[in-house]
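Engineer: can't give you the sequence, but here's the structure:
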């Protein structure tokens, strides 16, 4: 499934304006009836019924799905990370911070595939906010010491002249065109070109000039972030993001069976940026909704600036080579190209499944939807937005 092919046809609403102080969920998330949140209850129910009727046709056994879909026909396709059987089609609607509607299994912990990338970019953002990364235009190799894997091999991943020009910004925007092999997966094996030999032999594009969605390069960013933090990234995410937003303690973030490196005398697993070969973030829809609300509120949660507003602004800045993409995995509605009827400010964290966290500042709205047929996403979001009647509190 092509993530960039996901298109939402949604009805735009007037900007929300309110003098009331923002509501911040505690661990017990306050509910509001749809009418009190500005929805027509009957129309919202119709949208939810539509979601339930349009579950993805892919197998619930996600490991089986890996081997029976396009990923399974790729070179080096063996799964080396964990998979988990998925649950029912699930969703959450949050408006003005309040929980308005839920369906399916909102507390079930499931794989979220490439929506993991937004958590990965967040821990890079934390490193930037803490000055561990002095500039996103810094060549990444300058932050990398010798990295040793469990076979005792030194991973010299930035040895070529081309690789030494790759910056943090290039990796975050998927414009690095890095070439190499990490955790047994060559970059060219991910969504391989039709003329593979020609693609392998070609001259590398100048970093920043060409966008290509590539999970080997995403996993490279995860390893580089680990080298900067010198701590397991799940620990960083938990302490600096998930605990402040009062997420549950049920989420997990995994890498691969061979993605272990020696960090200050201890073996640490380098996590993956998705579930392409297994692994990635396993998380509930409730916790996804909290993360979506954090990004809607520009990194703020109650009295704490969890992610700097500067970082969120950078994440939402269009990539020149792909204007509908910011930092991974912020899909942008630049010039309303992705979602013509939606506000231009809308964005979404998207992963296969489909796993979508739709974020809409104009309508003060977060919609999480999981395990829905991607072809039904347009109509679902259209129906949810069409149910909005007023910016009520």
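Structural biologist: Looks like it arrived, so ask away. What you see is a predicted model, and the numbers here were worked out from it, not measured in a lab. Residues are numbered from 1 along each chain as shown.
Engineer: buried set for stretch 64-80?
Structural biologist: Neighbour-count burial for stretch 64-80 flags 65-66, 71, 74, 76-77, 79-80 (criterion: 16 or more other C-beta atoms under 10 Å). Just so you know, the C-beta spots here come from the backbone N, C-alpha and C atoms, and that holds for glycine as well.
Engineer: need the max-distance pair from those.
Structural biologist: 65 and 76 (17.9 Å; C-beta to C-beta).
Engineer: among the buried residues of stretch 64-80, find me the one that's closest to residue 338.
Structural biologist: Within those, the smallest distance to residue 338 is 23.3 Å, found for residue 71 (C-beta to C-beta).
Engineer: on the three-state scheme, the closest one is what?
Structural biologist: Put simply, residue 71 is helix when judged by DSSP: H, G, I helix; E, B strand; the rest coil.
Engineer: in helices, which of the buried residues of stretch 64-80 fall?
Structural biologist: Among the buried residues of stretch 64-80, DSSP state H puts 65-66 in helices.
Engineer: next, count neighbours for residue 131.
Structural biologist: Burial measure for residue 131: 8 neighbouring residues, criterion other C-beta atoms under 10 Å.
Engineer: now do the SS call for it.
Structural biologist: Here residue 131 is coil, with the state taken from three-state DSSP.
Engineer: the helices in this structure, which residues?
Structural biologist: According to DSSP H, the chain carries its helices in the segments 41-52, 62-68, 116-129, 168-173, 196-201, 215-229, 233-237, 285-296, 309-315, 377-386.
Engineer: residue 96: which of those is closest?
Structural biologist: Taking these one by one with C-beta to C-beta, helix 285-296 is closest: 10.1 Å.
Engineer: model confidence over the closest one, on average?
Structural biologist: Mean pLDDT, computed over helix 285-296, is 98.
Engineer: name the helices or strands packed onto it?
Structural biologist: For helix 285-296, the packing partners by 3 or more C-beta pairs under 8 Å, 6 or more residues apart in numbering; DSSP states H and E come out as strand 90-95, helix 116-129, strand 347-351, strand 355-360, strand 365-370.
Engineer: need these in CSV with distance to residue 161, mean neighbour count and mean pLDDT, can you?
Structural biologist: Output for the helices and strands packed on helix 285-296, formatted as CSV (distance: least, C-beta to C-beta, whole Å; neighbours: other C-beta atoms under 10 Å; pLDDT from 0 to 100):
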stretch, distance to residue 161, mean neighbour count, mean pLDDT
strand 90-95, 47, 26, 98
helix 116-129, 24, 25, 98
strand 347-351, 34, 27, 96
strand 355-360, 38, 27, 96
strand 365-370, 43, 28, 97
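Engineer: looking at these, which is closest to residue 278?
Structural biologist: helix 116-129 (11.7 Å).
Engineer: that closest one to strand 355-360, inter-axis angle?
Structural biologist: Calculated by axes from the mean of the first three to the mean of the last three C-alpha atoms, to 10 degrees, helix 116-129 forms an angle of 60 degrees with strand 355-360.
Engineer: how far off centre is helix 116-129?
Structural biologist: 10 Å (C-alpha atoms, centre = their mean, to the nearest Å).
Engineer: looking just at contacts, which helices and strands does that helix meet?
Structural biologist: Judged by 3+ C-beta pairs under 8 Å, 6+ apart, the packing partners of helix 116-129 are helix 168-173, helix 215-229, helix 233-237, strand 280-283, helix 285-296, helix 309-315, strand 347-351.
Engineer: which stretch among the ones you listed approaches residue 268 most closely?
Structural biologist: Comparing the helices and strands packed on helix 116-129 by C-beta to C-beta, helix 215-229 comes nearest, at 6.6 Å.
Engineer: chain center to that closest one, what's the gap?
Structural biologist: Put simply, helix 215-229 sits 15 Å off its chain's centre (C-alpha atoms, centre = their mean).
Engineer: give me the distance between the two termini of stretch 336-354.
Structural biologist: This stretch, stretch 336-354, spans 21 Å end to end (C-alpha to C-alpha, to the nearest Å).
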